[in-house]
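1. quick one, structure for this:
(chains A and B)
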Number of protein chains: 2
Amino acid sequence: MTFEVTILGSSSAIPTAERYLTAQVLRALERYFLIDCGEGTQIRLRQMKFSFERIRNIFISHLHGDHFYGLPGFISTRNMMGIKSDLHIWSHSDLKQLLDPLLDHLKEDLGFRLVFHPLNFKKPDQIYSDEKLEVWSFPLSHRISCCGFLFREKPVLPNLIREQINYYQIPVSQLRAIKEGADYVNENGRVIPYSQLVYPPVKPRSYAFCTDTIPLDSVAEFVRDVDLLYHEATFLAKDEAVASQTFHTTAPQAARLALQANVDKLILGHFSTRYRRPDPFLEEAQEIFPNTALAIDGARFSIPLQKIACQS
Amino acid sequence: MTFEVTILGSSSAIPTAERYLTAQVLRALERYFLIDCGEGTQIRLRQMKFSFERIRNIFISHLHGDHFYGLPGFISTRNMMGIKSDLHIWSHSDLKQLLDPLLDHLKEDLGFRLVFHPLNFKKPDQIYSDEKLEVWSFPLSHRISCCGFLFREKPVLPNLIREQINYYQIPVSQLRAIKEGADYVNENGRVIPYSQLVYPPVKPRSYAFCTDTIPLDSVAEFVRDVDLLYHEATFLAKDEAVASQTFHTTAPQAARLALQANVDKLILGHFSTRYRRPDPFLEEAQEIFPNTALAIDGARFSIPLQKIACQS
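-> Numbers count the residues shown, from 1 in each chain, chains lettered A, B, ... in the order given. Sure thing, here's the model as predicted:
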């Protein structure tokens, strides 16, 4: 039941000796979502031993090269590996025509179906849903069309405590209602609170990814209460003017947004190469939002399962 | 007066945790030639601290993705760095139309002139020449059009031994002939051999790059006597049938070619990911051609200056 983000690359537009370009894997309940795919992503995936077969859904925030130049190599390698499962890519609709000449040139037919899904840059949009998870895109504000992504577990009904159900001889017809929160009232009018009949339910986990963008109130609203927020912090406070001019965010701005959105934990990344060390990003953010961490290539951030106390 | 090859990547079609895709830098007398540019090349250049500004000439052997998918990122980063010097790319003429959609999409004009030069896949061709160096392309035989490259210093006339010139009171009008190998005969008919008048000349250094290809007699002929030969060895001897089928070379075939061409040293690379360790490549090759080394990411191969004994 893992819900874990792995940072493959954390640099901004230009890679450094230590930082690859933007790419992350969200492993959520055995689904492996690739988020952005800067140059070198396939190499990082190989280094970190991720299965190319398991990556079937890719989410591309925007069409600046540092966020998608890794796609031709990833697709081509996935093909050479003989993988047959469909590959879905959510991105700006221009992506297909940018990649087509390179993909056509492979000259070998792709052994899998490659499905492009255009993003909506005007308003939040549910772009993926299965029995356990959903993914939303939501507009960011950058120099070109850009989306953030919100990954969220669907609520799961709590498990019944078998021994209690048997003990109170509760009929099967009542079980669904109990799982949904109803107390049980037996023939004699005795009330058995549902908290005695079910295990504590688990809280649906959530992760939001926001890069590249200026800080937005609408984003704080949309990602409210997420467990983990990745937000770009390309600049330090002293360079707020440059941040604003280039449609990026500073470390304190990202921290204020995390506070405003009441998230549990904040990860900062996409640091400009103008700064030699990333520590000041952490210092500036933690003054405002203490539970902040820095995206470092190879870092993993897990969200543990959390039980919710039953109200009864 | 460095003449040195640096291996940026040495894997075949698919990268591994330890091996990037094909790319090399030849540093020759302060020129920095980039040879092939697989995905991740810009990252390797940053890691190994090569200047993007100094790379002004790129040679692309063929248009399989593992040899050129690093170009969009390299070009885009070179532009973001504000570099103004021209960038020349020698490749198959299709390259421009493959890259154009991505380059057009940068939306910012390139700050440097990007010049595409089509290769001739029919016969050897001098593609670059300056006062000290020349570069030749020559046809290889792969599944698609492919060229090797030969980098060669131009012969330099030896330096005069000033003290000797003064001692024998040799007139300026004679100096050119002496540098070119003539002995000096003075008024009294005394012969001063030119070996006493000049420092020993240095041997022009040379490097040949051959990937991807089957082994070819024409290549052995064309790269005859080079100091350093990089030749692909995608397969071991036991997989010679696969090598032939996929238009690649085995380690013993590459070694025989090195022997036939009378090269000084052989480097093998482009190992298939089907083999776990590269050591057997070295063992198989050294049985035939002892002065063989393996291309390992980050390895550097220098060709020292060598004096030629004057004949007199």
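2. for the strand or helix carrying residue A:103, list the C-alpha coordinates in CSV.
-> Element membership for residue A:103 (DSSP states H and E) is helix A:95-105. Extracted in CSV, the C-alpha atoms of helix A:95-105 (Å, rounded to 0.1, in the frame of the first residue of the first chain):
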residue,chain,number,x,y,z
LEU,A,95,3.4,17.5,-27.8
LYS,A,96,2.4,14.9,-30.5
GLN,A,97,3.5,17.1,-33.4
LEU,A,98,6.8,17.9,-31.7
LEU,A,99,7.6,14.2,-31.1
ASP,A,100,6.1,12.8,-34.3
PRO,A,101,9.2,13.3,-36.6
LEU,A,102,11.4,11.6,-34.1
LEU,A,103,9.0,8.7,-33.5
ASP,A,104,8.3,8.3,-37.2
HIS,A,105,12.1,8.1,-37.7
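3. give the rounded mean pLDDT of that helix.
-> Averaging pLDDT along helix A:95-105 yields 91.
4. okay, angle between it and helix B:95-105 too, please.
-> Interaxial angle, helix A:95-105 versus helix B:95-105 (axes from the mean of the first three to the mean of the last three C-alpha atoms, to 10 degrees): 170 degrees.
5. residues near whichever residue of the stretch 51-200 of chain A sits closest to chain B, how many?
-> Relative to chain B, the nearest point of the stretch 51-200 of chain A is residue A:73 (4.1 Å; C-beta to the nearest C-beta). In this view, the C-beta of every residue, glycine as well, is placed from N, C-alpha and C. For residue A:73, the count of nearby residues is 26 (other C-beta atoms under 10 Å in any protein chain shown).
6. next, it: secondary structure please.
-> helix (DSSP: H, G, I helix; E, B strand; the rest coil).
7. follow-up on the earlier one: identify the residues contacting the helix holding residue A:103?
-> A:60, A:63, A:68, A:71-72, A:75, A:89, A:110, A:114, A:116, B:63, B:65, B:69, B:94, B:97-98, B:100-102, B:105 (C-beta atoms under 8 Å, 6 or more residues apart in numbering or on different chains).
8. hmm, 10 Å instead?
-> A:60, A:63, A:65, A:68-69, A:71-73, A:75-76, A:79, A:89, A:91-92, A:110, A:114, A:116-119, B:63-65, B:68-69, B:72, B:94-95, B:97-102, B:104-105, B:144 (C-beta atoms under 10 Å, 6 or more residues apart in numbering or on different chains).
9. can you show me the CA trace of the helix or strand just after that helix as PDB?
-> On the C-terminal side of helix A:95-105, the nearest following helix or strand under DSSP H and E is strand A:114-118. Extracted in PDB, the C-alpha atoms of strand A:114-118 (Å, rounded to 0.1, in the frame of the first residue of the first chain):
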ATOM      1  CA  LEU A 114       0.900   5.500 -27.500                       C
ATOM      2  CA  VAL A 115      -2.100   7.600 -26.400                       C
ATOM      3  CA  PHE A 116      -1.800  11.400 -26.200                       C
ATOM      4  CA  HIS A 117      -4.400  13.200 -23.900                       C
ATOM      5  CA  PRO A 118      -4.600  17.000 -24.200                       C
END
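10. quick check: angle from strand A:114-118 to helix A:95-105?
-> 160 degrees.
11. strand A:114-118: how far from the chain's middle?
-> 19 Å (C-alpha atoms, centre = their mean, to the nearest Å).
12. got the contact list for that strand?
-> A:56-60, A:75, A:78-79, A:86-97, A:99, A:103, A:127-128, A:137.
13. one more time with 7 Å, if that's ok
-> The contact list for strand A:114-118 (C-beta atoms under 7 Å, 6 or more residues apart in numbering or on different chains) reads A:75, A:86, A:87, A:88, A:89, A:90, A:91, A:93, A:95, A:96, A:127.
14. can you put those residues in CSV and add neighbour count and distance to residue B:29?
-> Listed next are the contacts of strand A:114-118 as CSV, based on neighbours: other C-beta atoms under 10 Å in any protein chain shown; distance: C-beta to C-beta, whole Å:
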residue, neighbour count, distance to residue B:29
A:75, 24, 40
A:86, 11, 52
A:87, 22, 46
A:88, 15, 51
A:89, 20, 46
A:90, 24, 49
A:91, 27, 45
A:93, 13, 49
A:95, 20, 43
A:96, 14, 45
A:127, 20, 55
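15. list just the nearest of those to residue A:133.
-> residue A:127 (11.6 Å; C-beta to C-beta).
16. tell me the phi and psi of that closest one?
-> According to degrees, to the nearest 10, the main-chain angles of residue A:127 amount to phi -110, psi -10.
17. ok, how many other residues are close to the closest residue to residue A:54 other than its chain neighbours?
-> Closest residue to residue A:54 apart from its sequence neighbours, by C-beta to C-beta, 6 or more residues apart in numbering or on different chains: residue A:32 at 4.4 Å. Using other C-beta under 10 Å, residue A:32 has 18 neighbouring residues.
18. which stretches of chain A have low pLDDT?
-> Residues of chain A meeting the criterion pLDDT under 70: A:107, A:309-312.
19. and it, which residues reach chain B?
-> When proximity is defined by C-beta under 7 Å from any C-beta of the partner chain, chain A lies next to chain B at A:13-17, A:20, A:39-40, A:42-43, A:46-47, A:63, A:65, A:69-70, A:72-73, A:76-77, A:80, A:97-98, A:101-102, A:105.
20. which of those fall within helices?
-> Counting by DSSP state H, the part of the residues of chain A next to chain B found in helices is A:42-43, A:46-47, A:72-73, A:76-77, A:80, A:97-98, A:101-102, A:105.
21. who does the closest residue to residue A:211 other than its chain neighbours bridge with?
-> Nearest residue to residue A:211, sequence neighbours excluded (C-beta to C-beta, 6+ apart): residue A:232, at 3.8 Å. Going by DSSP bridges, residue A:232 is paired in beta bridges with residue A:269.
22. ok, residue A:232 - contacts?
-> A:210, A:211, A:212, A:213, A:248, A:249, A:269, A:270.
23. cool, and residue A:233?
-> Residues in contact with residue A:233 (C-beta under 7 Å, 6+ apart) are A:249, A:250, A:251, A:254, A:268, A:270, A:271, A:281, A:285.
24. one more pass at 10 Å, please.
-> So residue A:233 contacts A:12, A:211, A:215, A:243, A:248-255, A:266-272, A:278, A:281-282, A:284-285, A:292, A:294-295 (C-beta under 10 Å, 6+ apart).
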